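Asks: Just need the structure, nothing else, for what follows:
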Amino acid sequence: MEALRGARVVVTGAGGGIGAALARRFAAEGARVAVNDLDADAVRAVAAEIGAAAVPGDASTVVPAARAALGGGIDVFCANAGVGTGGGPEADDAAWELAWDVNVMSHVRAARALLPEWLERGEGRFVSTVSAAGLLTMIGAAPYSVTKHGALAFAEWLSLTYRHRGIRVHAVCPQGVRTAMLRSTGVAGDLVLAPNAIEPEELARAVLDGIAAERFLILPHPEVAEYYAARAAEPERWMRGMNKIQRTFEERLAEAKE
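Replies: Residues are numbered from 1 along each chain as shown. Presented below is the predicted three-dimensional model:
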C-alpha cells in the first residue's frame with residue numbers, strides 16, 4: 001500500500017500474536033513502526049526483527065513516548081492490546097476492572113491523546129482490535145464479551161463523530177486467531193473458536209485490505225457478517241442457538257472434571 005509508505009504507525013500489544021503480525025505487515029509496507037507491550041523483552045525482540053522503535057509499557061499511556069520515537073507525530077494507531085478475562089458475574093471486581101481498563105479505556109485514553117493532533121491536521125487513522133465477541137458474544141467470558149461490545153461502541157462513536165474531519169476508524173472483529181490468548185480459553189475456545197481459527201498473519205492481511213478499502217468493519221472471518229445479521233434479524237432464534245452451544249460447553253466442562 002503506497003499510502004502506508006513512510007506512515008508513522010503505533011501497534012500496542014505487539015510482543016506477539018496479532019500485534020506482532022500487524023507490526024511486521026506495516027513495516028513490510030514501508031511504514032515507520034513503534035511497537036508497544038507490557039513485556040519489554042518481547043517487544044524489543046519484535047522491534048529488532050523489523051527495524052521498529054520499542055516503546056514498552058502500559059498501552060493506555062504510550063502515545064507521548066510513541067510520538068517521540070516516531071519523530072513527533074502518529075498517523076496510524078492500532079489499539080490492539082487486550083485481555084481475555086473469563087467468568088461471569090462471579091468474577092471478582094479486579095477481573096472486571098482489568099478487562100474494562102485494557103479492552104475499553106486504553107482505547108479511550110489513546111484517542112484522547114491523539115485527537116488534538118489529528119483534528120488539527122485533518123487526518124488520522126485509529127485501528128481497534130475488537131473481536132467477533134463485540135458483535136456477537138463469547139460463552140464463558142462475560143467480562144471479555146461486555147468490554148469488547150464497549151470497544152466496538154467506542155470505535156463506532158469515533159467514526160461517526162469525526163469521519164467528516166478526516167479521521168478514519170476501523171473495528172477489526174475476528175473469531176479465533178492462533179495466539180496465546182486462544183490457547184488460554186480452554187474448553188470454550190476449543191468449542192467455539194479453534195475449529196476455524198486463522199493465523200495472525202492472515203488477520204494482518206485482512207486488516208490492510210480493510211484499510212485499503214476504507215471499511216469500518218473488518219471481518220477476517222467473513223461468516224461473522226451472517227451471524228451478526230441473524231442476531232439482529234432473529235434474536236430469539238439466535239439466542240436459542242447460542243444457549244445450545246452453552247449447554248454443550250457445560251457438558252464438556254463436566255466431562256473434563258471426571
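
Asks: Helices of the chain, start to end?
Replies: For the chain, the helices defined by DSSP state H occupy 17-28, 40-50, 63-69, 93-100, 106-121, 132-135, 142-162, 180-183, 186-192, 200-212, 223-233, 235-257.

Asks: Just send these back as CSV, with mean pLDDT too.
Replies: Formatted as CSV, the helices of the chain follow (pLDDT from 0 to 100):
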stretch, mean pLDDT
helix 17-28, 97
helix 40-50, 98
helix 63-69, 97
helix 93-100, 97
helix 106-121, 98
helix 132-135, 96
helix 142-162, 98
helix 180-183, 72
helix 186-192, 72
helix 200-212, 96
helix 223-233, 96
helix 235-257, 90
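
Asks: is it possible to export these to CSV including distance to G84 and mean neighbour count?
Replies: In short, each C-beta sits where N, CA and C put it, glycine included. Converted to CSV, these look like this (distance: least, C-beta to C-beta, whole Å; neighbours: other C-beta atoms under 10 Å):
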stretch, distance to G84, mean neighbour count
helix 17-28, 11, 24
helix 40-50, 17, 17
helix 63-69, 24, 19
helix 93-100, 9, 15
helix 106-121, 15, 18
helix 132-135, 9, 23
helix 142-162, 5, 20
helix 180-183, 5, 14
helix 186-192, 9, 18
helix 200-212, 15, 18
helix 223-233, 18, 13
helix 235-257, 16, 12
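
Asks: Of those, which is nearest D75?
Replies: helix 106-121 (8.7 Å; C-beta to C-beta).

Asks: From the contact counts, what lies against that closest one?
Replies: Judged by 3 or more C-beta pairs under 8 Å, 6 or more residues apart in numbering; DSSP states H and E, helix 106-121 is in contact with helix 63-69, strand 76-79, strand 124-129, helix 142-162, strand 167-172.

Asks: Can you lay out these as a markdown table showing distance to V11?
Replies: A markdown table is the format used below for the helices and strands packed on helix 106-121 (distance: least, C-beta to C-beta, whole Å):
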| stretch | distance to V11 |
| --- | --- |
| helix 63-69 | 9 |
| strand 76-79 | 4 |
| strand 124-129 | 9 |
| helix 142-162 | 16 |
| strand 167-172 | 12 |
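
Asks: All good on my end, thank you.
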